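# 3D, please:
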Amino acid sequence: MPANPVLTLFVGTILFLLLGLLFWPDSGLYARWLRARRTSARIMREDALKRVYARELAGQPLGLAALAGELGISVDAAAQLMAEMLDLQLIEMQGEHFELSGRGRELAVHMLRAHRLLEKFLHDHTGYREEEWHARAEEQEHFLGPDEVAALDARLGHPRFDPHGDPIPTPAGEVVLPKSLPLSHLEPGDIARIEHLDDQPEVIYAQLVAEGLHRGMEVLVLEKDAQRIRFLAHGKEHVLAPVLAANLFLLPCPQTAATEAMQAPGVPLSSLTPGHEAEVTQLSRTMRPAVRHRLMDLGVLPGVKVRAEFVSPVGEPVAYMIRGALIALRKEQSSQIFVQPLNAQPGNSSPAP
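Numbers count the residues shown, from 1 in each chain. Next up is the predicted model:
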């Protein structure tokens, strides 16, 4: 029986389209899959190089098991990755540890520089929460070339440190290393200023952020034993386990700094109830620069009087009278403004300390 020419043409057309969909140069499914696989492999290599370099700056050689843990992969997968990087002459073996080759170091400097500049940008110019900076920077850093990184550096004013206190390398790999100590190394009676919060592992960093700890805060160590470290910061007592304290780095201060560590900056503006007045004492250092500048433009400055007027039916925002103007603030904003109440709050017989 002769073949139906229409059916043959139809089947041939469908087959051609399917083959084109799969194998068309640059835009076919196979080409896309191959590019994605190559990109994934490149990203994994760049992540590994960045971590080897960051550990080198911290004076902590990186072994295979530690690298696997930081990358979130198995030890076998990490071993295969490092074997590929040895073949590409990106790393060298020194005993049980990895060291960067000249080519690997150049790429590692670029990656770490891009990552920390992106974190600085996210801190200064976006509304992302502090806990999000690291992950978002890791998503974007692999797609910035040297020119884009240089432009970002210039836009930010050539910062030396990222928001966590980590040094940002220059294009030549030069860094300013802080002379700080882990909180776990301090003793009762020591006074120090927080210089750096290590953002890895993320679960520990999130707990430090939840404690309200930040760069520039001065602390007074009260008690230390094998189970905990107790200290004052802005008049508030904190208790950390040694594993958390080891990720908080501080620079020792003279004894005269104890006053700042022991004194609270006031109470959050969010605690002020309608009809009561207070005086602004401080804007939290954890406040994002864009938010800080907006509030300062609205007149929220130390020494200015503020009065809580009324609360939204749903609980927020709250309207505050500041310099003759009503300003509505959400709790997220008002909790980062510290004030000294000027009259007793309901249920209090005296102004808050």
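# gap between the residue sitting nearest the centre point of the chain and Tyr205?
Geometric centre of the chain, nearest residue: Trp133, 4.0 Å, by CA atoms, centre = their mean. With distances taken as CB to CB, to the nearest Å, Trp133 is found 10 Å from Tyr205. From N, CA and C alone the C-beta is placed, and that goes for glycine too.
# name the residues contacting each of the two.
Asp199 (CB atoms under 8 Å, 6 or more residues apart in numbering).
# ok, back up a step: doesn't the residue nearest to the centre of the chain lie inside a strand?
No - using DSSP: H, G, I helix; E, B strand; the rest coil, the assignment for Trp133 is helix, not a strand.
# okay, it: pLDDT?
In this model, Trp133 is scored at 86, pLDDT.
# could you measure from it over to His293?
Distance from Trp133 to His293, by CB to CB: 19 Å.
# tell me where this protein has strands.
Ranges of strands in the chain, per DSSP state E, are 91-94, 97-100, 181-182, 191-197, 218-224, 229-233, 236-240, 248-252, 267-268, 277-283, 305-311, 318-322, 325-329, 337-341.
# ok, which of those comes nearest Leu144?
Closest to Leu144 of the strands of the chain, according to CB to CB: strand 97-100, at 19.8 Å.
# which strands and helices sit next to that closest one?
If contacts are counted by 3 or more CB pairs under 8 Å, 6 or more residues apart in numbering; DSSP states H and E, strand 97-100 sits against helix 29-57, strand 91-94.
# mean pLDDT lowest where, among those?
Going by mean pLDDT, the lowest-scoring of the helices and strands packed on strand 97-100 is helix 29-57, which has a mean of 71.
# in contact with Glu56, which residues?
62, 99-100.
# so can I have JSON lines of the residues you listed showing pLDDT, distance to Arg129 and neighbour count?
Listed next are these as JSON lines, based on pLDDT from 0 to 100; distance: CB to CB, whole Å; neighbours: other CB atoms under 10 Å:
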{"residue": "Leu62", "pLDDT": "77", "distance to Arg129": "29", "neighbour count": "20"}
{"residue": "Glu99", "pLDDT": "84", "distance to Arg129": "36", "neighbour count": "15"}
{"residue": "Leu100", "pLDDT": "89", "distance to Arg129": "33", "neighbour count": "20"}
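# ok, the residues you listed vs Leu118, which is closest?
For the contacts of Glu56, the closest approach to Leu118 (CB to CB) belongs to Leu100, at 21.3 Å.
# isn't that closest one right up against Gln89?
No - using CB atoms under 8 Å, Leu100 is not in contact with Gln89; the gap is 10.6 Å.
# for the nearest residue to Ala192 once chain neighbours are set aside, list the residues it contacts.
Closest residue to Ala192 in three dimensions, ignoring its sequence neighbours and counting by CB to CB, 6 or more residues apart in numbering: Leu250, at 3.5 Å. Applying CB under 8 Å, 6+ apart, we find Leu250 in contact with 180-183, 186, 192-195, 219.
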